[in-house]
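A.B. asks: whatever this is, show me its structure:
(one chain, ligands or ions: 1)
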Amino acid sequence: MNTLDTDYLVIGAGAVGLAFADTLAHESSAQIVVADRRGTPGGHWNDAYGFVTLHQPSAFYGVASLPLGSGRIDSVGPNRGCHELASGAEVTGYFDRVVQQSLLPTGRVQFRPMCEVRERDGQVFLVSLLSGEETLVNVRRRVVDASYYGTTIPATHTRRFEVADGARVVPPNALPALWQPRLGGGRAPGQIVILGAGKTAMDVALWLLQCGLPPSRITWVMPRDSWLINRATTQPELAFFEASFGSQAAQMEALVQCHTAEEIFERLEAAGVMLRIHADVKPTMFHYATMAEGEVAELRRVTQVLRQGRVARVEPGALVFVNGTRVAIPEDSLCIDCTATAVERRPQVPVFQPGRIVLQMVRIPQPAFSAALVAHLEARGLEAEDEGSPETDTARNALCTPVPLPDGIEHFPRASVVGLANQMAWGRDRELRGWIRQCRLDGFGRLVEQIGPDDTARQAVLARLGAAARQVPFAAARWMAD
Ligand SMILES: Cc1cc2nc3c(=O)[nH]c(=O)nc-3n(C[C@H](O)[C@H](O)[C@H](O)COP(=O)(O)OP(=O)(O)OC[C@H]3O[C@@H](n4cnc5c(N)ncnc54)[C@H](O)[C@@H]3O)c2cc1C
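C.D. replies: Okay, the predicted model is just below:
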């Protein structure tokens, strides 16, 4: 059997695995193997629908060593005034550049596409999906699991509803290819039925409207309504300083002053931090989907919304819901499956373990920044070891409590409290604080440095944020109870 020696084996060449490998490769002399079942880097972005984009600015997405995008502020469209959002094609092109131009030239990183990592009897193998050949990997330091969240998208997930013969259900990827006769194209569907209410479903609705489809031709199955982050509060730009830092302050104040999650969201809506599509429905879901106000206004044009919970079965001419309700739809409807869960909500486990790192979000919703920060701590540990003063995993884990991913709105306060506790721990670590300030994936730290003492308005926002953050630990117990 072939063998391969390396310091680190990273499982997965998605955004998370690459952000980790990039920081570790540039901050240490470690040898790293990055393996992925897929044939090209970028993880789920390789299978994304053609009209997908990031929902947060390109400015702080990707890996630390290579900028994504040109720093453009969009001048047209619903994202007008905000930082550019890379398209799916830009994201996959970017991750290819990361591998080719930033990782491989170090001479210490290998990318192994079409290879599955399998672990058995305490040993780690790379299995080629093309030849079936197994390679035993001798990992000198750690296996890095960058697949823990098990990201799924409609094109690759397993549906949790039945599709009867003759019913047409496709993933969003099929929409731009509808003209192709072999996909049943050339025949306009009577009605487009969007199944699901997350970010993908919103992207589909926006794209259909943008293509000129009248809203009356769209039916939207919304099992749950979702709160959305107002994209104006996520802009790493001085012009948006009050919106972004003010929104952070508003979130801290809400954690301190409110007693229910519902109250928190309503308060944040009033402060312009959170948005919802339908003002008369109380959203119960929160996955950090981020939208511009202009996009939400567009989505409101779709008024045929079915709120009967999840669909159990799609039949020609009918939707059957889990609650037993049957709703008629035109026979020639085309249903778009937007029901993938995106990330599995798995238990939080320690990030640093003997011989292993399990990458999880330590700042939410920033998986790439989180992975880079963990890699920095690992690289710092290697340096400390060389200097004869090793750091312990206990100390590293104290800086990296995994943030529990919210699903319902009731999970949001806890996620915020854990995220803030990490942030405060980082603030007490001088070296780490400095690293964060210069990291492109942070986005916001360097804005603070641009605020002079005479800028009283912005200094007041920072003072408000600091005061609120100091209060949160006193209210934390309220939100941490199981
Ligand atoms: C439509 C969409 C838009 C998004 N927009 C943003 C955004 O704007 N900003 C943001 O921060 N986040 C965004 N996200 C969140 C997104 O999930 C993350 O940014 C990121 O792309 C997830 O990367 P990942 O590496 O965790 O997962 P993946 O992309 O799924 O990569 C994991 C990789 O691991 C591989 N793998 C798993 N197990 C093994 C194994 N045993 N052996 C070999 N390979 C294995 C898989 O093949 C896969 O390629 C978005 C997500 C979606 C779906």
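
A.B. asks: helices of the stretch 201-350 of the chain, start to end?
C.D. replies: Per DSSP state H, counting those that start in this stretch, the stretch 201-350 of the chain carries helices over the ranges 241-257, 261-270, 293-299.

A.B. asks: what's the closest of those helices to residue 461?
C.D. replies: Taking C-beta to C-beta, helix 241-257 is the member of those nearest to residue 461, at 4.8 Å. For the C-beta atoms, the positions are set from N, CA and C on the backbone; glycine is no exception.

A.B. asks: check the offset of the lowest-mean-pLDDT helix or strand in the chain from the chain's centre.
C.D. replies: The weakest-scoring helix or strand in the chain, judged by mean pLDDT, DSSP states H and E, is helix 445-449 (a mean of 87). The chain centroid and the centroid of helix 445-449 are separated by 23 Å, computed with C-alpha atoms, centre = their mean, to the nearest Å.

A.B. asks: just checking, what packs against that helix?
C.D. replies: Judged by 3 or more C-beta pairs under 8 Å, 6 or more residues apart in numbering; DSSP states H and E, helix 445-449 is in contact with helix 241-257, helix 430-438.

A.B. asks: only the buried residues of the longest strand seen in the chain, if you could.
C.D. replies: In the chain, assigned by DSSP state E, the strand with the most residues is strand 134-145. Across strand 134-145, burial judged by 16 or more other C-beta atoms under 10 Å covers 135, 137, 139, 141, 142, 143, 144, 145.

A.B. asks: same check on stretch 235-255?
C.D. replies: 235-237, 240-241, 243-255.

A.B. asks: looks like residue 355 contacts residue 138 (just checking).
C.D. replies: No. If you go by C-beta atoms under 8 Å, residue 355 and residue 138 don't touch, sitting 11.9 Å apart.

A.B. asks: so residue 284 touches residue 197, yeah?
C.D. replies: No. Using C-beta under 8 Å, residue 284 makes no contact with residue 197, being 10.4 Å away.

A.B. asks: these two: which is more packed in?
C.D. replies: residue 197 (24 against 17; other C-beta atoms under 10 Å).

A.B. asks: could you find the closest non-adjacent residue to the more buried one?
C.D. replies: Nearest residue to residue 197 in three dimensions, chain neighbours excluded: residue 222, at 4.0 Å (C-beta to C-beta, 6 or more residues apart in numbering).

A.B. asks: quick one: mean pLDDT for the longest helix along the chain?
C.D. replies: As assigned by DSSP state H, the longest helix anywhere in the chain is helix 456-480. Averaged over helix 456-480, pLDDT sits at 92.

A.B. asks: other SSEs contacting that helix?
C.D. replies: helix 241-257, helix 412-428.

A.B. asks: which parts of the last one are buried?
C.D. replies: Spelled out, that is helix 412-428. For helix 412-428, by 16+ other C-beta under 10 Å, it's 412, 413, 414, 415, 416, 417, 418, 419, 420, 421, 422, 426.

A.B. asks: which residues of this structure score low on pLDDT?
C.D. replies: 182-186, 342, 482 (pLDDT under 70).

A.B. asks: okay, now the domains of it?
C.D. replies: 2-151+344-407, 162-227+276-337 (automatic domain parsing).
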